[in-house]
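> sequence below, structure please.
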Amino acid sequence: MSTATEPVAAKLELDVQVDKPSTCERHVVVTVPRKEVDRYMKVAFDELGPKAELPGFRVGKAPRKLLESKFREQITDQVKSSLVMDSLQQVTESGQFSAISEPDMDYGAVEIPKTGDFKYEFKIEVRPEFDTPDWKGLSLSRPVHALSDKEVDTQLAKTLVRFSEGIAIDAPAELGDNLTVDITFAFEGKEIGTIEEEKVAVRKRLSFADAVLENFGEVVIGAKEGDTVTTTLKVAETSENEEYRGKTVDVAISIIEVRRQVVDELRESVLDQLGFSDPSELRVFVREELEKQLGYFQQQEIRKQVTAVLTKDAQWDMPKTLVDRQTNRELQRRAMELQRSGFGNDEIRSYLNAGRRNAQEMTVAALREHFVLEKIAEDLSIEPVADEYESEIELIAANSNSSVRSVRARLERTGQMDTLRNQIIERRVIEAIVAEAKVTDVEDASFLSGIPDDAALEYTVAPMAADIPEAKYDNKASDGQPEGATVKLQA
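Now for the predicted structure:
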């Protein structure tokens, strides 16, 4: 803010012209009258005078005209900075629009003229203007399901793969085994990427950030240590690398090691490693894990129904810059929701890879939902309290085998506390809507098949030439958040 004294603190007289290029964009032209420029200049020179040192004069005794001649350029730059910052704050707090980004301005091109008014312009992303939709009395269906022992045992096999690699075997790979593999990708005979000594579970599919190997299970089941199997995959049409969009890539998978879990013969050493005294205690843990996932499924299904109704008229165009910037934050939000709901790394990676392959569509839908839920939150004066943040962090820590302290530090370091804030607000709004809704319980076990049956690697098959290899997802950090001006979606 300005360093000037009290007279500068007075509210500026401004002429502000706001154009609406699109629903979520504003083009703003700010005109500062000359008398305001002169007021700021006077205060700045008044502050400089008592401190100025010029040859031949005692400190603070130089004539005003000499000061103005000597320091005009420096003072003008200072006044420009003060006027822009003060007027920007005044404009953004005026209520003419609700900003969700930093102003996009060519500050270097802004100049205070020697005479006449001072004028500058900027573009800014804003929350769309709309009336709060009617959210009371909705008719909703909530999926419910009583878990069977068989369903728990099926999940137990997947859980063991997460926590224990099993025993190395000299036998053909089967569904559910753990493999250590090298993978090579080639297009028209030219190698475009490799993965070395990667551990991956044998599932029906293997997903990457920009592709899915649909027949992964088919090609590796039956292969043994030392074997190499080949297949092909198709790069997603949404790949950032336009050269490979929709192209078929050759894949060679070399089996380095095969490991297997035997669920019915759990060794004491494995149970001890996992922190359980007997198989029944482990099964209780797995049942509780599945119930958390059922809770996530219920929340998501309710949210889909609510937002489908509330956003049916919210077909606003979203600026590409906004969508691009929010994509990573939306992935972070989903990762946190999945972690708190007890999903394992493979399942989280699979969900996030699917999100990356449909990043724009996913982010546009999430932004529309957020704007509507945020509007309702404002009407209801919903704002998270400290205990809610702590509860969320504790859940994420418990389900990711991390300490509360490390999770909190990671969220603060990567700028995800704001993402967590939005997540809490949106959940509370949904709860308020459900409390006023007519809810019918419906038997639905589809969440069990909806849990991804994929192995997943956070790897891009067709990266951009300048891409830096992505870090593996490890529950610790996702430091890829774009720097600079970010949208702070507040409710």
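> C-alpha from now on. contacts and neighbour counts both.
Will do.
> ok, the closest residue to residue 174 other than its chain neighbours - contacts?
In space, and not counting its chain neighbours, residue 174 is closest to residue 221: 5.1 Å by C-alpha to C-alpha, 6 or more residues apart in numbering. Counting by C-alpha atoms under 8 Å, 6 or more residues apart in numbering, residue 221 touches 172, 173, 174, 175, 202.
> low-confidence regions, the stretch 201-350 of the chain specifically.
Regions of the stretch 201-350 of the chain meeting the criterion pLDDT under 70 cover residues 262-270, 273.
> from residue 139, how far off is the residue nearest to residue 174?
46 Å (C-alpha to C-alpha, to the nearest Å).
> residue 364 is in contact with residue 323, isn't it?
Yes. With contact defined as C-alpha atoms under 8 Å, residue 364 reaches residue 323; the gap is 6.4 Å.
> mind checking which of those two has more residues around it?
residue 364 (23 against 19; other C-alpha atoms under 10 Å).
> where along the chain do the helices fall?
6-9, 34-48, 64-92, 149-163, 216-220, 268-274, 279-310, 320-340, 345-357, 359-380, 386-399, 404-413, 417-435, 446-450 (DSSP state H).
> any chance of a markdown table for the ones you listed, columns distance to residue 244?
Formatted as a markdown table, the helices of the chain follow (distance: least, C-alpha to C-alpha, whole Å):
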| stretch | distance to residue 244 |
| --- | --- |
| helix 6-9 | 57 |
| helix 34-48 | 55 |
| helix 64-92 | 43 |
| helix 149-163 | 33 |
| helix 216-220 | 21 |
| helix 268-274 | 43 |
| helix 279-310 | 33 |
| helix 320-340 | 20 |
| helix 345-357 | 14 |
| helix 359-380 | 17 |
| helix 386-399 | 37 |
| helix 404-413 | 34 |
| helix 417-435 | 33 |
| helix 446-450 | 29 |
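> quickly compare those and say which is most buried.
helix 345-357 (a mean of 22; mean count of other C-alpha atoms under 10 Å).
> angle of it against helix 149-163?
Between helix 345-357 and helix 149-163, the angle comes out at 80 degrees (axes from the mean of the first three to the mean of the last three C-alpha atoms, to 10 degrees).
> between helix 345-357 and helix 320-340, how big is the angle?
Using the same axes, to 10 degrees: helix 345-357 against helix 320-340 is 170 degrees.
> helices or strands next to helix 345-357 in the packing?
Helices and strands touching helix 345-357, by 3 or more C-alpha pairs under 8 Å, 6 or more residues apart in numbering; DSSP states H and E, are strand 205-207, helix 320-340, strand 454-456.
> let's go with 10 Å and repeat that
helix 149-163, strand 205-207, strand 212-213, helix 320-340, helix 359-380, strand 454-456 (3 or more C-alpha pairs under 10 Å, 6 or more residues apart in numbering; DSSP states H and E).
> where's the fifth one relative to the chain centroid, distance-wise?
The one in question is helix 359-380. 13 Å (C-alpha atoms, centre = their mean, to the nearest Å).
> contacting residues for residue 184?
Counting by C-alpha atoms under 10 Å, 6 or more residues apart in numbering, residue 184 makes contact with 191-196, 230, 249-254, 461.
> for it, which non-adjacent residue is closest in space?
That would be residue 194: by C-alpha to C-alpha, 6+ apart, it lies 4.5 Å from residue 184.
> how much space is there between that neighbour and residue 186?
Taken as C-alpha to C-alpha, the span from residue 194 to residue 186 is 9 Å.
> and if you look at residue 439?
52 Å.
> returning to that earlier point: so what sits against both of residue 364 and residue 323?
Common contact partners of residue 364 and residue 323 (C-alpha under 10 Å, 6+ apart): residue 330.
> ok, residue 174 to residue 222 distance?
7 Å.
> ok so, going back, the residue nearest to residue 184 and residue 461 touch, don't they?
Yes. In this structure, residue 194 is within contact of residue 461 by C-alpha atoms under 10 Å, at 8.5 Å.
> ok, back up a step: nearest to residue 96 among the contacts of residue 184?
residue 461 (45.8 Å; C-alpha to C-alpha).
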